[in-house]
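1. Below are the sequence and a predicted model; questions follow.
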Amino acid sequence: MYKENFYKKLVNESINPFVLFNNDAKLIDYNNEAEILFNYLAPSKLFELALAHSPHNFGFERKYINLKYTKLSFYAILVGYIDDEYIAIELYKQVNTEKEIAKIHNIKLVNIFSLIEISKSTNLNNKEIKIEEIYDVSIPEVKVNINNFLLTLNECFVLFQNSKTIKIKVNIKVGEYEIIDIKKHNVIEIECKSESKIELSKKLEEQALKSHINVYEIEGVLKMEFPMIL
Amino acid sequence: MIESSMKKFIHHSASSKKALQIAQMSSSLPVNVLISGDIGVGKKLLCKEITQNAESFDALELEQLIQQQKIDLQSYSIIVAYNIDKLLNKKQFFQNITSIRIIATSSLEYNDRQNNFPVKIELEPLSKRKNDLIELTKFYTEEANKIYLCDKTAKDIEVDISENGISLKKSIYKSILFNSMSKDEMMNALYNYFINELTKGTKSYKELLEIFEVPLIKASKNIYKSQVQMAKNLDINRITLRKKIDTYFESI
């Protein structure tokens, strides 16, 4: 009894998602991290993934493959079964330690709307782009690395230079927090949408990483998230 | 190059208003700013809108001073560097001044590959900034009128904007100066011109005569329109006039 509870807790606390299916693709068990993963990937898709990478014989097999589901990245999966009834999958989460350094350096209190205005004006200037802005003006001045933040915004707006319309939405994410140095911070989201689908560029991803901004794309919509450090 | 007597960045066109707005917003931010554009578009004036008291250098000179260790970089928190595109080793230059805020100017061709400038402001030429051109023409005309004691209006002046503000100012000053010259001053100017030309080498009477004849025919053509009227008013034989027009065809 003790053993079972202990392992259950251990699996629950893991940063990797664990999911157990039966042979009808029905969810039998999963940990906390898997619950987050279900926001971005349907369990049925995960079951298909497990089947596609399942070992030929009973047992477990680890495969190193890169998977990206919006803002969650994985570098490997472990699939296993010990009978014909159940199949389990574990996804190995990619964690970036570089961000930890970026977040504490050269941060200064600033109005992020001013930074968006500067970046937007310099990158989308002289172009006949219809810009719609939906800003949550209750967002106060926040601490960011201004240099890197502007460079990230620049890389983002560059992707919209050939667009006819752009919709920029800035808001605080409800129910999501980021913990930095034990302190809990709200998360600010900048969403940029065009009439056509926009793909993430390598430059934007690299710059966002330096700036401690999570950047991802969902169905052609670019999203940037960063902690609201006051 | 004529030093600008303009103290403020002219911003009557939409694009220059926007540029000024970005410059003012960036002034309080601890980031490098690059202002690019053609010659004479107002890059230096816009730099002053970002920072008034910072020391300014030609980027190439600054690069040499750093190499020769003739400058104490630690005493600067902000520097204005003109013509950043002329640097010989850009990477090393920026590595040397990482702790200093740089407000720089460059030509439009400059490519900031290393992302040293989070804020980049591009200034359009005067040909695309009609309202700024009107305002600048008015400003320089008034200024030149005061100096040469004239009362010309901007309408009387043919402006040259091939080098934006620089050629504009030159053309306005020249135009007003020429208009304000008396007969004696004109003859004096011609005397000096002939002295220079004859010192350079032998020139025939016929060759030098065009200095007088071309402007005269051009002006009378402008006023009298037809050759008949020109001949009549200048009291010259029509065949002689025609010959002269043919001779100076390219200049007229």
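-> Structure's in. What do you need? Numbers count the residues shown, from 1 in each chain, chains lettered A, B, ... in the order given.

2. OK, contacts around whichever residue of chain A sits closest to chain B?
-> Residue nearest to chain B within chain A (Cβ to the nearest Cβ): A:L150, separated by 3.5 Å. Where you see a C-beta, it was placed from the backbone N, CA and C, and this is true even at glycine. Going by Cβ atoms under 8 Å, 6 or more residues apart in numbering or on different chains, A:L150 touches A:L115, A:I118, A:S119, B:L29, B:V31, B:P118, B:V119.

3. Can I have the buried ones of the residues you listed as a PyMOL selection?
-> To isolate the buried ones among the contacts of A:L150 in PyMOL, judged by 16 or more other Cβ atoms under 10 Å in any protein chain shown, type:
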select buried, (chain A and resi 115+118+119) or (chain B and resi 29+31+118+119)
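
4. Just give the nearest non-adjacent residue to the one residue in the stretch 51-200 of chain B that gets nearest to chain A, would you?
-> For the stretch 51-200 of chain B and chain A, the shortest gap (Cβ to the nearest Cβ) falls at B:P118, measuring 3.5 Å. Excluding the flanking residues, the one nearest B:P118 by Cβ to Cβ, 6 or more residues apart in numbering or on different chains is A:L150, at 3.5 Å.

5. does the one you found count as helix, strand or coil?
-> Following DSSP: H, G, I helix; E, B strand; the rest coil, we place A:L150 in the helix state.

6. okay, it: pLDDT?
-> You'll see A:L150 listed with a pLDDT of 95.

7. for A:N125, same thing?
-> At A:N125, pLDDT is 69.

8. And A:K3, by the same measure?
-> With respect to pLDDT, A:K3 has a value of 65.

9. ditto for the one 10 residues further on
-> At A:E13 the predicted local distance difference test score is 89.

10. That one against A:N32, yeah?
-> Yes - counting by Cβ atoms under 8 Å, A:E13 touches A:N32, with 7.4 Å between them.

11. hang on, A:L230 is in a helix, isn't it?
-> No - counting by three-state DSSP, A:L230 is not part of a helix but coil.

12. Now do the contacts for it.
-> A:L230 sits next to A:P140, A:E141, A:V142, A:K143, A:H185 when contact means Cβ under 8 Å, 6+ apart.

13. As CSV, those with distance to B:L198 would be great.
-> Shown next, in CSV, are the contacts of A:L230 (distance: Cβ to Cβ, whole Å):
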residue, distance to B:L198
A:P140, 78
A:E141, 73
A:V142, 75
A:K143, 75
A:H185, 83
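
14. list the contacts for the closest residue to B:I97 other than its chain neighbours?
-> Spatial nearest neighbour of B:I97, chain neighbours left out: B:L73 (6.3 Å); criterion: Cβ to Cβ, 6+ apart. Neighbour list for B:L73: B:I66, B:N96, B:I97, B:S99, B:I100 [criterion: Cβ under 8 Å, 6+ apart].

15. re the thing from before, how much space separates the residue nearest to B:P118 from B:S16?
-> A:L150 sits 22 Å away from B:S16, going by Cβ to Cβ, to the nearest Å.

16. Tell me the confidence at the nearest residue to A:R62 once chain neighbours are set aside?
-> Nearest residue to A:R62, sequence neighbours excluded (Cβ to Cβ, 6+ apart): A:L78, at 4.7 Å. If you check A:L78, the pLDDT there is 94.

17. Any idea how many residues pack against A:L78?
-> Using other Cβ atoms under 10 Å in any protein chain shown, A:L78 is surrounded by 17 other residues.

18. Bridged to it, which residues?
-> A:L78 has these beta-bridge partners by DSSP bridges: A:R62, A:E90.

19. how about it, what does it touch?
-> With contacts defined as Cβ under 8 Å, 6+ apart, A:L78 is in contact with A:F60, A:E61, A:R62, A:K63, A:I89, A:E90, A:Y92.

20. and the last one, that's in a strand?
-> Yes - checked against three-state DSSP, A:Y92 lies within a strand.

21. if I look at it, how far off is B:K44?
-> Taking Cβ to Cβ, one finds A:Y92 at 56 Å from B:K44.

22. Could you find the closest non-adjacent residue to the residue minimising distance to the centre of chain A?
-> Closest residue to the average C-alpha location of chain A: A:K71 at 2.0 Å, with Cα atoms, centre = their mean. Closest residue in space to A:K71, ignoring its immediate chain neighbours: A:Y216 at 4.2 Å, by Cβ to Cβ, 6+ apart.

23. three-state assignment of the one you found?
-> Per three-state DSSP, A:Y216 ends up strand.

24. On the strand side of things, show who it bridges to.
-> Beta-bridge partners, per DSSP bridges, of A:Y216: A:K223.

25. Quick check: it touching A:S73?
-> No - assessed by Cβ under 8 Å, A:Y216 is found out of contact with A:S73, at 9.4 Å.

26. of these two, who's got more company?
-> Taking other Cβ under 10 Å, A:Y216 and A:S73 do not tie; A:Y216 has more neighbours (19 against 16).

27. State the pLDDT value of the more buried one.
-> A:Y216 is given a pLDDT of 87.

28. Contact partners for it?
-> Neighbour list for A:Y216: A:T70, A:K71, A:L200, A:L222, A:K223 [criterion: Cβ under 8 Å, 6+ apart].

29. From those, pick the one nearest B:Y193.
-> Set against B:Y193, the nearest of the contacts of A:Y216 by Cβ to Cβ is A:L222 (65.5 Å).

30. I'd say that closest one and A:V215 touch.
-> Yes - counting by Cβ under 8 Å, A:V215 is a contact partner of A:L222 at 7.0 Å.

31. can you list residues touching both of the two?
-> Listed contacts common to A:L222 and A:V215 are A:C156, A:L200, A:L204; contacts here mean Cβ under 8 Å, 6+ apart.

32. tell me which residues of stretch B:114-127 are tucked away?
-> Residues of stretch B:114-127 classed as buried: B:N115, B:N116, B:F117, B:P118, B:V119, B:K120, B:I121, B:E122, B:L123, B:E124, B:P125, B:L126 (neighbour count, 16+ other Cβ under 10 Å).

33. Could you work out the end-to-end span of it for me?
-> Start and end residues of stretch B:114-127 are separated by 31 Å (Cα to Cα, to the nearest Å).

34. Torsion angles phi and psi at the residue nearest the centre of chain B?
-> The structure's chain B has its C-alpha centroid closest to B:I166; by Cα atoms, centre = their mean the separation is 0.9 Å. For B:I166, the backbone dihedrals (degrees, to the nearest 10) come out as phi -70, psi -50.

35. where does the closest residue to it other than its chain neighbours land in three-state SS?
-> Ranked by Cβ to Cβ, 6+ apart and with sequence neighbours excluded, the top spatial neighbour of B:I166 is B:G40, at 3.8 Å. Following three-state DSSP, B:G40 is assigned to coil.

36. Show me how the record splits the chain into domains.
-> In the absence of a named chain, this looks at chain A. Split into domains by automatic domain parsing, chain A comes to A:2-93, A:99-227.

37. nope, chain B
-> B:14-124, B:128-180, B:192-247.

38. centre of the chain versus the second one, how much separation?
-> The chain centre lies 11 Å from the centre of domain B:128-180; the measure is Cα atoms, centre = their mean, to the nearest Å.

39. Quick one: mean pLDDT over it.
-> For domain B:128-180, the mean per-residue pLDDT is 90.

40. No further questions, thank you.
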